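[1] Give me a model of this one.
(one chain, ligands or ions: 2)
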Amino acid sequence: MLKKLFQSIRPSVRPTHAHRTTPQVLGSQQHSLQRQQFSRHAVGIVERLQQAGYQAYLVGGCVRDLLLGITPKDFDVATSATPEQVRAEFRNARIIGRRFKLVHVHFGREIIEVATFRANHPEDEAEDTRNSSRHESGRILRDNVYGTLEEDAQRRDFTINALYYDPVAERILDYAGGVHDVRNKLIRLIGDPKQRYQEDAVRMLRAVRFAAKLDFGIERRTVEPIRELAASLRDIPAARLFEETLKLFLSGHGAHVYEMLVDLQLFDALFPGSAYALEHEPEYTHTLIRNALVNTDLRVAQGKPVTPAFLFAALLWPALPMRAAYLQGQGLPPIPAMQEAAHGLISEQCQRIAIPKRFTLPIKEIWDMQERLPRRNGKRADVLLENPRFRAGYDFLLLRESAGEQTNGLGQWWTEYQELPDRERRAMISELAGGDEDSGSAPRKRRRTSKRKSDVE
Ligand code: ATP
Ligand code: MG
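    Numbering: from 1, shown residues only. Ligands and ions are numbered 1, 2, ... in the order given. I've put the predicted structure just below:
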């Protein structure tokens with residue numbers, strides 16, 4: 001009966017940012033979801049909370065992904081119970097978080113996140129750098145944080161992320177038109193886009209991430225303010241941007257993400273040095289970054305490990321030559337100029353995106369290796385081969401070649417060298433001694449490389 005009623009008042013107009021307090025309700029016949037598709041632990045939590053008299057739903061990414069036939073990464077629960085009330089229901093529950101308390105319910109290795117309904121408080125969403133007293137001191141704030149189910153739906157970012165599934169009644173509640181947008185493959189912000197980006201600029205990156213992951217379009221009003229507001233990403237703490245950047249580039253759709261970031265001018269805000277290189281050496285820079293991301297996406301698809309160090313080494317590499325050339329112009333010899341350029345570039349980048357030390361060191365090692373790979377005389381080749389960073393350095397060399405850098409067949413040489421038995425390796429080394437210039441010093445090499453690089457454009 002209720003189902004029928006809601007069906008009949010189902011709005012025929014496209015969803016707007018007007019506050020909708022009556023949800024569209026889809027009964028089990030009107031959607032494809034089945035309770036068994038969800039984590040049984042998550043379903044168990046919802047059942048238990050409902051039995052205790054609270055409202056509880058599965059929400060967010062898991063509902064969205066299952067509607068699209070994608071396996072969810074994790075399962076989130078939203079409830080009217082406060083964190084303390086949730087904890088009281090489960091022995092294996094822990095309250096986490098400082099400003100926003102959440103409950104983690106543990107089942108072996110699986111963790112289900114249970115969040116209390118919240119209302120939209122702009123200053124709560126953006127993890128800002130302002131004096132924290134407004135946030136930390138605020139009992140008032142905390143009292144205000146919790147909200148109704150309707151408010152919880154309105155404070156979420158995109159319509160497709162604001163779907164609530166009740167596994168007991170097997171119904172979906174849709175306050176923001178998310179089902180419509182899932183069907184039409186559209187990323188649409190809830191509310192006034194400009195205001196929502198001003199509340200939290202990371203939503204611009206999330207729009208791109210979901211568009212790439214789900215192969216959705218971004219709705220016109222949602223995409224419109226992005227170019228104008230892209231620079232506001234600078235106000236986001238660098239540590240949060242590091243996390244977001246990894247999600248953007250290491251989730252298997254990096255190449256698509258990259259194209260969109262450049263198009264929407266978000267790339268400039270994240271990687272100013274690389275964006276500058278993209279302007280001045282467009283073909284080379286674009287090809288190198290794109291190829292790196294296509295390879296990364298392939299590795300993700302094959303279930304192979306991917307490392308942030310290699311990714312950042314590739315994203316930043318095109319910005320290096322100009323910087324090094326400038327320093328050489330200031331009188332530094334080539335190798336120190338290169339090292340100084342690497343150091344400067346990474347520390348500047350870290351002000352935007354806080355790349356942890358455990359990754360910045362390997363980035364420099366991958367780059368250093370590029371200076372060393374051409375120098376193969378005597379025992380040098382074998383010493384390099386023993387280096388734990390050899391593989392990454394070699395892969396990086398192949399990447400540079402794939403973008404048109406001329407290396408005199410260096411990649412091929414190393415490919416053969418690795419495959420051959422020792423005696424034949426000796427022969428390869430002695431052939432080098434017979435006058436291959438590339439086995440010589442790096443400074444000559446580098447100058448030639450940059451000249452040839454411009455030749456290909
Ligand atoms: P996935 O986990 O697959 O990347 P997700 O949609 O689950 O996607 P999360 O980052 O895990 O994304 O966030 C969970 C939910 O929290 C989202 O679906 C969304 O409803 C809400 N959310 C997350 N970040 C924001 C934000 N910056 N602004 C508003 N709502 C957000
Ligand atoms: Mg999630």
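[2] Please work out how many residues are found near the residue in the stretch 251-400 of the chain that ligand 1 sits nearest to.
    Across the stretch 251-400 of the chain, the shortest distance to ligand 1 (Cβ to the nearest ligand atom) belongs to Ser251, at 7.6 Å. For glycine as for every other residue, the C-beta is placed from the backbone atoms N, C-alpha and C. Neighbour count of Ser251, defined by other Cβ atoms under 10 Å: 17.
[3] residues of stretch 94-105 that come out buried?
    Lys101, Val103, His104, Val105 (16 or more other Cβ atoms under 10 Å).
[4] And that stretch, how far out from the chain middle?
    23 Å (Cα atoms, centre = their mean, to the nearest Å).
[5] Go through stretch 224-231 and flag the buried ones.
    Per 16+ other Cβ under 10 Å, stretch 224-231 contains these buried residues: Pro225, Ile226, Leu229, Ala230.
[6] so what's Asp181 up against?
    Residues in contact with Asp181 (Cβ atoms under 8 Å, 6 or more residues apart in numbering) are Pro15, Phe158, Thr159, Ile160, Ile187, Arg188, Glu219.
[7] element containing it?
    Take DSSP states H and E as the rule and Asp181 turns out to sit in helix 178-183.
[8] Against Ile346, how distant is Leu315?
    Distance of Leu315 to Ile346, given as Cβ to Cβ, to the nearest Å: 11 Å.
[9] Sorry, wrong one. I was asking about Gly61.
    33 Å.
[10] Show the contacting residues for the spatially closest residue to Ala81 that is not a sequence neighbour.
    Sequence neighbours aside, Tyr54 is the residue nearest to Ala81 in space, at 4.1 Å (criterion: Cβ to Cβ, 6 or more residues apart in numbering). Taking Cβ under 8 Å, 6+ apart, we find Tyr54 in contact with Thr79, Ser80, Ala81, Gln85.
[11] Okay, domains of the protein per the record?
    Domains of the chain are assigned by automatic domain parsing as 24-190, 263-431.
[12] Would you single out the least confident of those?
    Per-stretch mean pLDDT for those is lowest at domain 24-190 (a mean of 88).
[13] Enumerate the residues of this protein near ligand 1.
    Counting by Cβ under 6 Å from any ligand atom, the positions of the chain adjacent to ligand 1 are Gly60, Gly61, Lys73, Asp76, Glu125, Arg156, Asp157, Asn161, Ala162, Asp200, Val202, Arg203.
[14] if I look at the closest residue to Thr71 other than its chain neighbours, how far off is Ile160?
    Once flanking residues are discounted, Thr71 sits nearest to Asp65: 6.9 Å by Cβ to Cβ, 6+ apart. Distance of Asp65 to Ile160, computed by Cβ to Cβ: 10 Å.
[15] So which of those two has more stuff around it?
    Neighbour totals were compared for Asp65 and Ile160, and Ile160 leads with 31 against 17 (other Cβ under 10 Å).
[16] I figured that one was touching Arg64, is that so?
    Yes - contact status for Ile160 versus Arg64: in contact at 4.9 Å, counting by Cβ atoms under 8 Å.
[17] Give me the common contacts of these two.
    Each of Gly178, Val182, Leu214 lies in contact with both Ile160 and Arg64 under the rule Cβ under 8 Å, 6+ apart.
[18] Include secondary structure when you put the buried residues of stretch 94-105 into a markdown table, please.
    Formatted as a markdown table, the buried residues of stretch 94-105 follow (DSSP: H, G, I helix; E, B strand; the rest coil):
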| residue | secondary structure |
| --- | --- |
| Lys101 | coil |
| Val103 | strand |
| His104 | strand |
| Val105 | strand |
